[in-house]
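Peer 1: Please work out how this folds:
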Amino acid sequence: MLAVSKSQRAERVITSSPVTKDVVGRYVADDIGAAVRELTRRGLLVTVGHLGEEVTDRAQAERAVSAYLSLLDLLPAGADVSVKLTALGLRLSERLAYDHAAAICRAAAPRDLTVTLDAEEHDTIAGLHAVHAALRRDHPDVGVVVQAYLPDSLDRVEKLGGARVRLCKGAYTAPGAYTSAADIDRSFVRCLKVLMAGTGYPMVATHDPRLVRIASTMAVLDGRDPTGFEYQMLYGVRPAEQTRLAGLGARMRVYIPYGADWYAYLMRRLAERPRNLTFFLRSLMSRG
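Peer 2: Residues are numbered from 1 along each chain as shown. Got it, this is the predicted structure:
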């Protein structure tokens, strides 16, 4: 499925299928303002991402920045914005991506909004962390994502003292990466131990019930109160669990993607959840 997410031929077939709209609507917000208001009403926090990545020229990157700046006006205080640096021009230059990300950070701060730099393909990770380190000098609350499937993830979190760090399992492929579920889970727990015992703000991005329990136990053992860390889950995934955690007093943040460029995002979500993939493929063939 991760290979399919990069296939232009598959994209043409899937995006033209009538069944796709129903599946997309489960994971991608059609009306971002309405989705934010509904989740906020239910006591949930939000982080919002404008879909689109791997831009190839400055004009595309500038349009992405404009989309993020417009998004800020739709968000309540305390919300977060998830930014993919390749959408801001990282493939063109780190400096361009930094300048664009800094513009978003400057606009977000007076609105009491935070910004988190999202992780992408393995060959962008060095640039991601270089831009993050530079941004933190003027915007110390800018967050960054660490993917546990990468073997250097523990080293990454150990160097991010005091930072807002979203820890996730990872939804890409990479040479030398952990591939078994058990190895990825062990790496996730090792990283989580460092984050919970550290001085930063852990953002525990997982739908795995076992890892959620481990995180809550670590928080107690490390003396973190409910405001000292948060859980994060995806829009449309385990909504009842999201509500349950928020009802217990936990900070529960939902990642809401929106925008027309949803194809690669949807394929990664289907790859992570085989039952949804089976349903989608059967529907696609039956209507094809």
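Peer 1: Would you map the helices across the stretch 51-200 of the chain?
Peer 2: Ranges of helices in the stretch 51-200 of the chain, per DSSP state H, counting those that start in this stretch, are 58-72, 94-108, 125-136, 153-158, 181-197.
Peer 1: Could I get these in CSV, plus columns for mean neighbour count, mean pLDDT and distance to Leu51?
Peer 2: Yep, even glycine has a C-beta here, placed from its N, CA and C like the rest. Output for those, formatted as CSV (neighbours: other CB atoms under 10 Å; pLDDT from 0 to 100; distance: least, CB to CB, whole Å):
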stretch, mean neighbour count, mean pLDDT, distance to Leu51
helix 58-72, 16, 96, 10
helix 94-108, 19, 98, 16
helix 125-136, 19, 98, 18
helix 153-158, 19, 98, 25
helix 181-197, 18, 97, 25
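Peer 1: Can you lay out the ones you listed as JSON lines showing distance to Arg166?
Peer 2: Formatted as JSON lines, the helices of the stretch 51-200 of the chain follow (distance: least, CB to CB, whole Å):
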{"stretch": "helix 58-72", "distance to Arg166": "17"}
{"stretch": "helix 94-108", "distance to Arg166": "16"}
{"stretch": "helix 125-136", "distance to Arg166": "11"}
{"stretch": "helix 153-158", "distance to Arg166": "11"}
{"stretch": "helix 181-197", "distance to Arg166": "10"}
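Peer 1: nearest to Tyr265, of the ones you listed?
Peer 2: Tyr265 lies closest, by CB to CB, to one member of the helices of the stretch 51-200 of the chain: helix 58-72, at 14.6 Å.
Peer 1: helices or strands next to that closest one in the packing?
Peer 2: strand 45-50, strand 80-84, helix 94-108 (3 or more CB pairs under 8 Å, 6 or more residues apart in numbering; DSSP states H and E).
Peer 1: mean confidence score for the second one?
Peer 2: Which is strand 80-84. Here strand 80-84 scores 97 as its mean pLDDT.
Peer 1: so that strand versus helix 94-108, what angle?
Peer 2: 170 degrees (axes from the mean of the first three to the mean of the last three CA atoms, to 10 degrees).
Peer 1: Right, I'll leave it there.
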